[in-house]
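[1] give me the fold of what follows.
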Amino acid sequence: MANKGPSYGMSREVQSKIEKKYDEELEERLVEWIIVQCGPDVGRPDRGRLGFQVWLKNGVILSKLVNSLYPEGSKPVKVPENPPSMVFKQMEQVAQFLKAAEDYGVTKTDMFQTVDLFEGKDLAAVQRTLMALGSLAVTKNDGHYRGDPNWFMKKAQEHKREFTDSQLQEGKHVIGLQMGSNRGASQSGMTGYGRPRQIIS
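    The predicted structure follows:
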C-alpha cells in the first residue's frame, strides 16, 4: 500500500461527507453482536472509527463472524491460527469474508470494498455490510444467530397466495375503483348546456 498524504479541496470535502455517515451508536451494537456471535475471545475494540477499523482490519474476526452463521462442518472461510501480518494476506482474508457474505445472501449493493476497511476510506459501508449480514441471519432464523433479534431489522419475505379458478373468475366481474364507480354523484336535475336558468318571480 502506498502511503497517502492528507487530501485537500474537493477530495477533502468528499472524504469528510463519507466520514459523517459513520454511526457510533451502530458501532456499539455491531461490536456487541460480534462478541456474542463469535465469543469473548475476539476481544473488544477501542471506541471510535479507528478502533473499529483496527479490530476488523486483518479479516480474522470477520471470517469468524461469517463462519459462525453456518452449521459445523460447512464453514466457508478458512481462519488461520495466527492472524496474518502481511498486508496482502490480510486483504485476502477480508476478500474471503466478502465472498462468503455474498454467498450467504448479502446483496452486492450492501457490500463494502476491501479498501473501504483496510484504508479506512468508508467505514460506514463496512457497517452497512455487517447490518445486512445481521438482518439476513435474523430473517433466516435457522438457529445459528446469537444475540438480541431486535438488533437487526427482519427482511421482508415472499408471501405467496394461491387462488382457485372460481375465485379468479369471480374477480373478473368486479369493477375496480380505478375504472370509476357507477354510484354516488349523478347529473340528475341538471339543465342542458346553453339553456338559461328558470327563475320564477
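[2] identify all contacting residues around stretch 62-76.
    By C-beta atoms under 8 Å, 6 or more residues apart in numbering, the surrounding residues in contact with stretch 62-76 are 34, 37-38, 42, 56, 77-79, 93-94, 96-97, 99-101, 103-104, 130, 133, 137, 144-146. Backbone N, C-alpha and C define where each C-beta goes, glycine included.
[3] pull the CA atoms of that stretch into CSV?
    Only the C-alpha atoms of stretch 62-76 are listed here, as CSV (Å, rounded to 0.1, in the frame of the first residue of the first chain):
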residue,chain,number,x,y,z
LEU,A,62,-15.0,-11.0,10.1
SER,A,63,-14.2,-14.6,8.9
LYS,A,64,-15.1,-16.0,12.4
LEU,A,65,-18.3,-14.0,12.2
VAL,A,66,-19.5,-15.4,8.9
ASN,A,67,-18.4,-18.9,9.8
SER,A,68,-20.5,-18.7,13.0
LEU,A,69,-23.6,-18.3,10.8
TYR,A,70,-23.0,-21.7,9.2
PRO,A,71,-23.5,-25.2,10.7
GLU,A,72,-20.5,-27.1,12.0
GLY,A,73,-18.6,-28.8,9.1
SER,A,74,-19.6,-26.4,6.4
LYS,A,75,-17.6,-23.2,7.3
PRO,A,76,-17.0,-21.2,4.1
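[4] the host helix or strand of Ala132: what's the following helix or strand?
    Using DSSP states H and E, the element containing Ala132 is helix 123-140. Using DSSP H and E, the helix or strand that follows helix 123-140 in sequence is helix 165-171.
[5] show me the helices in the chain, by range?
    9-20, 24-38, 49-56, 60-67, 87-104, 114-118, 123-140, 165-171 (DSSP state H).
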